[in-house]
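[1] Quick one, structure for this:
(4 chains)
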Protein chains: 2
Amino acid sequence: MRQIKHPPIDQVELTDIMYALSDPARIEIVGRLAQAGRQMTCGELDLNRPKSSMSHHFKILRAAGIVETVIDGKEHLNSLRLAEIEEKFPGVLNAVLKTICLSASISNEQ
Amino acid sequence: MRQIKHPPIDQVELTDIMYALSDPARIEIVGRLAQAGRQMTCGELDLNRPKSSMSHHFKILRAAGIVETVIDGKEHLNSLRLAEIEEKFPGVLNAVLKTICLSASISNEQ
DNA sequence: TCCATAGTTCGAATATTTTGGAACTATGGA
DNA sequence: TCCATAGTTCCAAAATATTCGAACTATGGA
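    Numbers count the residues shown, from 1 in each chain, chains lettered A, B, ... in the order given. Okay, here's the model as predicted:
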């Protein structure tokens, strides 16, 4: 496993995104990433659940095109695919982020 | 059964909304209501599925605070709770509606 | 009053998700 | 080379969701 695969944004469906964001654990991961505004490891984003459960949630966030993970040594660095999602589904993720963390600093606000 | 009960908007969670919109059938119902811009009966919103299946989807949309249903004679008139959702989760539903039906005419656009 | 219409509720079958332990992979450091 | 760390994958159990037929409720019209 060299790098983790992510779906091209154009094959992500809106329902995938809605589904990924319908779970409190996943919403929290996304909120924390947005608030941090930087890459974070899975460890930093830990929610007191077993690693296999966390891994499952990251997998769904990746499949929904929301989170991008790059391998760096023995850590996995996660970030939000903000720009791509904004282009394909304008306003959707931004509005969600505003709701879950008012302090989220997203570049392209209206 | 006199009138159908709906949750007050302040006890609707964002995850409820995301969940409700993670199903293609439900997204379609919402999109059609938005596009029509008027109340529609369940019959009009039929998606070629058994009535009990449709009823299930309407129930979830109501529980998520997205759809409001009032009984009128033997019909149930459905509409979107646009203003309430916009107030509680600004931009979220509007952005989704823009994605699923570009022609949706929502009042408070940015 | 009887019937058709419009939907809901119930219940069971099926399908999908979630959870978490255990085993695995990859990396970096001692 | 050996070990600890960071995650993933695999698997099975438990929980949730979906589907849809059948029975039910309410209304309005004949």
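[2] Skipping its backbone neighbours, what lies nearest the spatially most central residue of chain A in space?
    Centroid check for chain A by C-alpha atoms, centre = their mean gives residue A:67 as the closest residue, at 3.3 Å. Using C-beta to C-beta, 6 or more residues apart in numbering or on different chains and skipping residues adjacent in sequence, the residue nearest residue A:67 is residue A:61, 3.9 Å away. Using the backbone N, CA and C atoms, a C-beta is placed for each residue, glycine as well.
[3] Enumerate the positions of the helix or strand that neighbour falls within that are buried.
    Assigned by DSSP states H and E, residue A:61 belongs to helix A:51-63. In terms of neighbour count (16 or more other C-beta atoms under 10 Å in any protein chain shown), helix A:51-63 has its buried residues at A:54, A:57-58, A:60-63.
[4] Which elements pack onto it?
    helix A:14-20, helix A:24-36, strand A:67-72 (3 or more C-beta pairs under 8 Å, 6 or more residues apart in numbering or on different chains; DSSP states H and E).
[5] neighbouring contacts of it?
    A:4, A:6-7, A:16, A:19-20, A:23, A:25-26, A:29-30, A:42, A:45-47, A:67-69, A:76, A:78 (C-beta atoms under 8 Å, 6 or more residues apart in numbering or on different chains).
[6] what does stretch A:5-22 give?
    Against stretch A:5-22 from outside (C-beta under 8 Å, 6+ apart): A:26-27, A:30, A:60-66, A:68-69, A:81, A:84-85, A:87-89, A:92-93, A:96, B:14-15, B:18-19, B:21-24, B:27, B:96, B:99-100.
[7] if we look at DNA strand C, which of those are close to it?
    For DNA strand C, the contacts drawn from the contacts of stretch A:5-22 by C-beta under 7 Å from any atom of the strand are residue A:60.
[8] So how do I select the buried members of the contacts of stretch A:5-22 in PyMOL?
    Here is the PyMOL command that picks out the buried ones among the contacts of stretch A:5-22, judged by 16+ other C-beta under 10 Å:
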select buried, (chain A and resi 26+27+30+60+61+62+63+64+65+66+68+69+81+84+85+88+89+92+93+96) or (chain B and resi 14+15+18+19+21+22+23+27+96+99+100)
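[9] if we can go back for a sec, could you give the average pLDDT over the helix holding residue A:61?
    In this model, helix A:51-63 has an average pLDDT of 98.
[10] Is it in proximity to DNA strand D?
    Yes - with C-beta under 7 Å from any atom of the strand as the measure, helix A:51-63 is seen reaching DNA strand D through A:51-52, A:54-56, A:58-59.
[11] Next to DNA strand D, which bits of chain A? Give me the list.
    A:1, A:4, A:41-44, A:51-52, A:54-56, A:58-59, A:69, A:74-76.
[12] returning to what we had before: nearest to residue B:36, out of the helices and strands packed on helix A:51-63?
    Closest approach to residue B:36 among the helices and strands packed on helix A:51-63 (C-beta to C-beta): helix A:14-20, 19.7 Å.
[13] In TSV: the helices and strands packed on helix A:51-63, plus mean pLDDT.
    Below are those laid out as TSV (pLDDT from 0 to 100):
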stretch	mean pLDDT
helix A:14-20	98
helix A:24-36	98
strand A:67-72	98
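[14] Switch the ones you listed over to JSON lines; also include distance to residue B:36.
    Below are those laid out as JSON lines (distance: least, C-beta to C-beta, whole Å):
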{"stretch": "helix A:14-20", "distance to residue B:36": "20"}
{"stretch": "helix A:24-36", "distance to residue B:36": "31"}
{"stretch": "strand A:67-72", "distance to residue B:36": "36"}
